[in-house]
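Participant: Below are the sequence and a predicted model; questions follow.
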Amino acid sequence: MGGKLTKIELYAILTGIFTASIIISNTIASKTFAFYTFTLPCAVIIFPLIYIINDILSEVYGFKKARNVILLGFFMNIIGVICYNITIALPAPSFFQHSEAFNIVLGSTLRLLIAGFIAYLIGSIINAKIMVVLKKWDENKLFLRCIVSTFFGESLDALIFITIGFIGTMPFEALIIMIIAQALVKTIYEVIAYPLTKTVINYVKKLPEN
């Protein structure tokens, strides 16, 4: 190999980064933060990276391999949640003073978990599918594919996650603003990061297969 990565080796690396990012996003999703006049879930910090890797996987490796990574991330997220809850249920020794804080951070409500799982699965698969469909339509318009797929994927993700996870906990108007703001922030992130996405895609396409 001469020290040069192959597409298969990079696929494994991207899979690891993608899966780790999904688990991180699930851990921080229950907290919101103020962004100017908007309220956003903290998962917005890392979710754009997930969609950028999704674009790279879909563009270079195709929908089937991208879908496999998405499903792997989904199941690893479930394993993470199961492990968190087993850990929370285990009795802590008397000298451990932080059980309550640990439980609050890692013991996300079932509602938020369901919201996150459904939003992630649908949003990621739609993003990957649109990338592939648009590539068949016009292979030269990479920018259009990346932005359009991210916009629809992120919009669906925001709509599903925020509606299921937060409806009834805040005014309806604030909920709508939160959905729109999250979708726009993540899409703008994709626009800003597009030169990096394009560079990585072009680099990966030039790599040897094996």
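Facilitator: Happy to help now that I have it. Numbers count the residues shown, from 1 in each chain.
Participant: Can you tell me the SS state at F96?
Facilitator: coil (DSSP: H, G, I helix; E, B strand; the rest coil).
Participant: Please apply the same query to M170.
Facilitator: coil.
Participant: One more: P93?
Facilitator: Following three-state DSSP, we place P93 in the coil state.
Participant: This protein: helices as residue ranges?
Facilitator: All helices of the chain, identified by DSSP state H, fall at 7-28, 47-61, 63-89, 99-106, 110-137, 142-166, 172-205.
Participant: Quick one: closest of the ones you listed to Y36.
Facilitator: Smallest distance to Y36 across the helices of the chain (C-beta to C-beta): 9.0 Å, for helix 172-205. Where you see a C-beta, it was placed from the backbone N, CA and C, and this is true even at glycine.
Participant: now for that closest one, which elements pack on it?
Facilitator: Contacts defined by 3 or more C-beta pairs under 8 Å, 6 or more residues apart in numbering; DSSP states H and E place helix 172-205 against strand 38-41, helix 47-61, helix 142-166.
Participant: worst average pLDDT in those?
Facilitator: Mean pLDDT is lowest for strand 38-41 among those, at a mean of 73.
Participant: helices or strands next to it in the packing?
Facilitator: Judged by 3+ C-beta pairs under 8 Å, 6+ apart, strand 38-41 is in contact with strand 32-35, helix 142-166, helix 172-205.
Participant: Now the first one: buried residues?
Facilitator: Taking 16 or more other C-beta atoms under 10 Å as the basis for neighbour counts, the residues of strand 32-35 that come out buried are T32.
Participant: Which one of the helices of the chain lies nearest to T39?
Facilitator: Of all those, helix 172-205 comes closest under C-beta to C-beta, at 5.5 Å.
Participant: the inter-axis angle of that closest one versus helix 110-137?
Facilitator: Counting by axes from the mean of the first three to the mean of the last three C-alpha atoms, to 10 degrees, helix 172-205 lies at 50 degrees to helix 110-137.
Participant: Buried residues, helix 172-205. List them.
Facilitator: Buried residues in helix 172-205 (16+ other C-beta under 10 Å): 175, 177-179, 181-183, 185-187, 189-190, 193-194, 197-198, 200-201, 204.
Participant: Can you list the low-confidence ranges for this protein?
Facilitator: For the chain, the stretches flagged by pLDDT under 70 are 1-3, 104-105, 108-110.
Participant: Pull the contacting residues for the spatially closest residue to N210 that is not a sequence neighbour.
Facilitator: Using C-beta to C-beta, 6 or more residues apart in numbering and skipping the chain neighbours, the partner closest in space to N210 is T6 (5.5 Å). When contacts are counted by C-beta atoms under 8 Å, 6 or more residues apart in numbering, T6 is found next to 207-210.
Participant: Rebuild those residues as TSV, extending it with distance to A101 and neighbour count.
Facilitator: Converted to TSV, these look like this (distance: C-beta to C-beta, whole Å; neighbours: other C-beta atoms under 10 Å):
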residue	distance to A101	neighbour count
L207	45	16
P208	49	12
E209	48	6
N210	48	8
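Participant: between those, which is closest to I23?
Facilitator: Distances from I23 to the contacts of T6, taken by C-beta to C-beta, are shortest for L207, at 26.9 Å.
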